[in-house]
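*Asks:* Quick one, what's the 3D model for this:
(one chain, ligands or ions: 1)
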Amino acid sequence: MNRFVSDIHSCNVVELTKIHNPAGNITIIQNGSHQPFDVKRVYYLYDVPGGSERGGHAHKNLYQLVVAASGSFDIIVDDGKNKKIVHLNRPNFGLIIVPGIWREIVNFSSGAICLVLASEKYEENDYLRDYSEFKKLKNS
Ligand code: TYD
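*Replies:* Numbers count the residues shown, from 1 in each chain. Got it, this is the predicted structure:
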């Protein structure tokens, strides 16, 4: 997806495979399932102090699938024109974030785990950390 023209309508919640079991459920994410990319990296945010806000950047090429593996939080996605708030609170639902979308993650519940599956390995060059630069990119 082209980061210059991508918009928040491409950032959707997908329902992930869930195997029900009275002894505990399993959710599976593998290449070729619900996310429109192959996974090269997995990371997770945890021990987030109450009131903290994460994110505050966009990516040039990275796709991500974000899951509340435990607890809940809100993700604000912003394409430079429109914003929406997505509340994640179930481990079998995830939000796809496409390239060129500014995101903030807020309202972490205590014990929340924000699991992120990413299409690329970590590369600082892929980040847009300045909101006015981001707006310039989206309006160019
Ligand atoms: P960042 O993605 O800015 O955090 P968040 O969006 O969750 O607030 O990353 C915070 C720091 O961690 C930053 O200095 C880069 C480092 N980092 C890595 O080294 N590798 C990674 O895969 C990630 C996600 C972050």
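*Asks:* Could you use CA atoms for every contact and neighbour count after this?
*Replies:* Fine.
*Asks:* near the ligand, which residues of the chain show up?
*Replies:* Neighbours of the ligand within the chain, by C-alpha under 6 Å from any ligand atom: 54-55, 122.
*Asks:* By neighbour count, which of those wins?
*Replies:* residue 54 (15 neighbours; other C-alpha atoms under 10 Å).
*Asks:* what residues are up against that one?
*Replies:* 104-106 (C-alpha atoms under 8 Å, 6 or more residues apart in numbering).
*Asks:* Of these, keep whichever come out buried.
*Replies:* 104-106 (16 or more other C-alpha atoms under 10 Å).
*Asks:* Out of those, name the ones that lie in strands.
*Replies:* 104-106 (DSSP state E).
*Asks:* returning to that earlier point: export the contacts of residue 54 to TSV and tack on pLDDT and distance to residue 113?
*Replies:* Formatted as TSV, the contacts of residue 54 follow (pLDDT from 0 to 100; distance: C-alpha to C-alpha, whole Å):
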residue	pLDDT	distance to residue 113
104	98	15
105	98	12
106	98	12
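*Asks:* Tabulate the residues you listed (JSON lines), appending distance to residue 50.
*Replies:* As requested, the contacts of residue 54 are exported to JSON lines (distance: C-alpha to C-alpha, whole Å):
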{"residue": "104", "distance to residue 50": "15"}
{"residue": "105", "distance to residue 50": "12"}
{"residue": "106", "distance to residue 50": "9"}
